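*Asks:* Dropping a prediction and its sequence here:
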Amino acid sequence: MLKHRNHIAWMVITLLTVAPQGCEKDEEPPKVQTVSSAEPEEIIVGPDLDAIKARGKLVALTLNSSTSYFIYRGHAMGFEYELLQRFAKSIGVELEMQLIPDVNTMFDMLNKGEGDLIACNLAITSDRQQKAEFSEPYNFTKLVLVQRLPEGHQNMSQREVNKSLLLRPLDLSGKTIYVNRTSPSYERLINLQKESGISFEIVKAPGYIDPEKLIQKVADGEIDYTVADDNLANLNSTYYSNIDVSVQLSFPRQIGWAVRKTNPNLLEAVNNWFENDRLNSVHAYIYKKYFKAPKEKWEEYNGEFSSLNGNRISNYDELLREYSDIIDWDWRLLAAQMYQESKFNEDARSWAGAFGLMQFMPATAKMYGVDSASAPREHIRGAILHLSRLESFWQDRIPDPENRIHFTLASYNAGLGHVLDAVNLAAELGYDPMIWENNVAECIKLKSQKEYYTSDVVKHGYCRGEEPVTYVKKIIDQYRHYSRVIDQS
């Protein structure tokens, strides 16, 4: 499980690689995170567009960052994530996000066929173009210096503030700058030394200490200087009021998505989509949402319920952990179900009369001593007891644990009788009655058609079968989001 910025001890600085005056001294990063910067020996012919469509899934490699992908109050967010969702929909496939903490590792995985594209505010450089093909640029950034404003700067004149700041690249002489080891910013700093004749020390942080973590360390006073793309730096300056990001260190750099060199059709599809989507008002709205959002909103996004700066999903995490032992499920799966039921709103009510965090129907709630006035603790405990009862029913009938989760969730949503009907239909129609996806799930959809809900093997009549199928899928998808960025412990 990835570690989050508030869990990364600064003691790893003792393991950083230091490169004075552009000379590199190779040291291994901490053993807890192996980073490989070597190019793969062979670029395989991975799935191109037609194969991706046939598979029904686009696998995107990205970072847990404010510009790429993060979880906020149980909801997946991120500029790259929203663009990727729109692109995946345009080619008719589902989107799977893979969070990889190191960019070099992403390129290795891409060229081994373990992902279809890289999308993480990725600068297009000549070195990277040797490893992959890039889309047409969809954004442009400049490298800027990130430094701390003097204490009490709010009460100083600009002239007084400037006395404490570096104001131009030449002022870097004799300073120490921390930079992500996999970032092209390192090469830019080396070139700056050569072009200007100034000398400064470059400390290369391990790849999993990304630019945003280094910006935070500047704000916290742990280091004095780092560098970042201006869009990322400007965004972070909205919630770290004590940093300055005004000094530019480079000409504009192009940002794009990377695909395998053996995937020309996917590259063409991405380029065509970007060309059309940029004309869409939704594209502009998404950009504004993440890069122009007010300071207050980004302070929320970096709170305890964000994977950017915390390890919590909701106010009910502790109760879900406590009661998850009843059913022996990952508490994050239960959180995903709660999000689907109520968006963590304990006052939620449905048109059908379901209420509370887990949307109990009154008759079912009564079985567990729960009503609309019950505290969240009783409500959560009762819902998990009900889930456990349903899972026990399927224990001997569905031996595979993962499939059993699907059957249990569907039974919670539609009722046990309707799922049993779908199992009987599956056996009648030649589907596998012990597998949910593409089998029993297809049969419960049929229960909305008279031909099937009047069948002799169906005992509980009509059911809007699309609802439990969508319900299960959304919970499983949400759980996958949580499991990528939130620790289980």
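*Replies:* Right, received. Where do you want to start? Here the structure is a predicted model, which means the values were calculated and not measured.

*Asks:* Distance of the nearest residue to R397 once chain neighbours are set aside relative to D328?
*Replies:* Nearest non-adjacent residue to R397, counting by Cβ to Cβ, 6 or more residues apart in numbering: M434, 7.4 Å away. Placement of C-beta: from N, CA and C, glycine included. As judged by Cβ to Cβ, to the nearest Å, M434 and D328 stand 20 Å apart.

*Asks:* If you count surrounding residues, which of these two has more?
*Replies:* M434 (18 against 9; other Cβ atoms under 10 Å).

*Asks:* Name the helix or strand for the more buried one, please.
*Replies:* Using DSSP states H and E, M434 is not contained in any helix or strand.

*Asks:* How about Q478?
*Replies:* helix 466-485.

*Asks:* contacting residues around that helix?
*Replies:* Under the contact criterion Cβ atoms under 8 Å, 6 or more residues apart in numbering, helix 466-485 has outside partners 1-2, 4, 64, 69-71, 74, 76, 96-99, 307, 313, 330, 332-333, 335-337, 339-340, 405-406, 409-410, 413-414, 418-419, 436, 441, 444-445, 448.

*Asks:* what mean pLDDT does that helix have?
*Replies:* Averaging pLDDT along helix 466-485 yields 91.

*Asks:* pull the CA atoms of that helix into CSV?
*Replies:* Taking C-alpha atoms only, helix 466-485 is exported to CSV below (Å, rounded to 0.1, in the frame of the first residue of the first chain):
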residue,chain,number,x,y,z
GLU,A,466,-30.0,-3.4,-13.7
GLU,A,467,-30.0,-1.8,-10.3
PRO,A,468,-28.3,-4.6,-8.3
VAL,A,469,-25.8,-5.2,-11.1
THR,A,470,-24.9,-1.5,-11.2
TYR,A,471,-24.9,-1.3,-7.4
VAL,A,472,-22.4,-4.2,-7.1
LYS,A,473,-20.1,-2.8,-9.8
LYS,A,474,-20.0,0.7,-8.3
ILE,A,475,-19.1,-0.7,-4.9
ILE,A,476,-16.3,-2.9,-6.3
ASP,A,477,-15.0,-0.1,-8.4
GLN,A,478,-15.0,2.3,-5.4
TYR,A,479,-13.3,-0.3,-3.2
ARG,A,480,-10.5,-0.6,-5.8
HIS,A,481,-10.1,3.2,-5.6
TYR,A,482,-9.8,3.1,-1.8
SER,A,483,-7.5,0.1,-1.8
ARG,A,484,-5.0,1.9,-4.1
VAL,A,485,-4.5,5.0,-1.8
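
*Asks:* how about it: buried residues?
*Replies:* By 16 or more other Cβ atoms under 10 Å, the buried positions in helix 466-485 come out as 467-469, 471-473, 475-476, 478-479, 481-482, 484-485.

*Asks:* Pick the one among those residues closest to T105.
*Replies:* R484 (15.1 Å; Cβ to Cβ).

*Asks:* Would you check how far apart that closest one and P206 are?
*Replies:* 20 Å.

*Asks:* in the stretch 251-400 of the chain, what spans have low per-residue confidence?
*Replies:* Applying pLDDT under 70 to the stretch 251-400 of the chain flags residues 293-310, 351-352.

*Asks:* which residues in it form helices?
*Replies:* Listed in chain order, the helices of the stretch 251-400 of the chain (DSSP state H, counting those that start in this stretch) span residues 264-277, 281-291, 295-301, 317-323, 331-342, 362-367, 376-394.
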